[in-house]
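**Student:** what follows is a predicted structure for the sequence shown.
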Amino acid sequence: FHAAGRSDTDIRWYTNRSSVLALYSACEVFMLTDTSADFVDTWDFLGRRIAGMASTLAQLKKAADGGGGGESGGGSVVG
């Protein structure tokens, strides 16, 4: 994270690393059962997980910024 310009020294340090650990662990478990050539299915799995994490972060940021105020389902992170 420091190489990417991040210098957090608070709770975000732990949450960032926990997220990466969860992603890494999920990919390792998926790869154990991947029978595709050159682990193509694992790479696709990784891409989907990263996209999902980015989407969740964007929704959380939108909710924190007050986006989706009184709209039906607009502020939901889950749905």
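**Tutor:** Cool, got the structure.
**Student:** how about low-confidence regions in this protein?
**Tutor:** 1-4, 6, 8, 67-79 (pLDDT under 70).
**Student:** mind doing that once more with 90?
**Tutor:** Within the chain, the stretches with pLDDT under 90 are 1-17, 56-58, 60-61, 64-79.
**Student:** quick check on the spatially most central residue of it: phi, psi?
**Tutor:** Central residue of the chain (C-alpha atoms, centre = their mean): residue 53, 2.2 Å from the mean position. The phi/psi pair for residue 53 (degrees, to the nearest 10) reads phi -60, psi -40.
**Student:** separation between it and residue 35?
**Tutor:** 26 Å (C-beta to C-beta, to the nearest Å). For every residue, glycine as well, the C-beta is placed using N, CA and C.
**Student:** repeat that for residue 9.
**Tutor:** Taken as C-beta to C-beta, the span from residue 9 to residue 35 is 43 Å.
**Student:** just residue 64 next, same as before
**Tutor:** 42 Å.
**Student:** these two: who's more crowded?
**Tutor:** residue 64 (9 against 6; other C-beta atoms under 10 Å).
**Student:** so for the host helix or strand of residue 47, what gets flagged as buried?
**Tutor:** Using DSSP states H and E, residue 47 sits in helix 40-64. Buried residues in helix 40-64, counted by 16 or more other C-beta atoms under 10 Å: 42, 45-46, 59.
**Student:** check stretch 14-26 too.
**Tutor:** In stretch 14-26, counting by 16+ other C-beta under 10 Å, buried: nothing.
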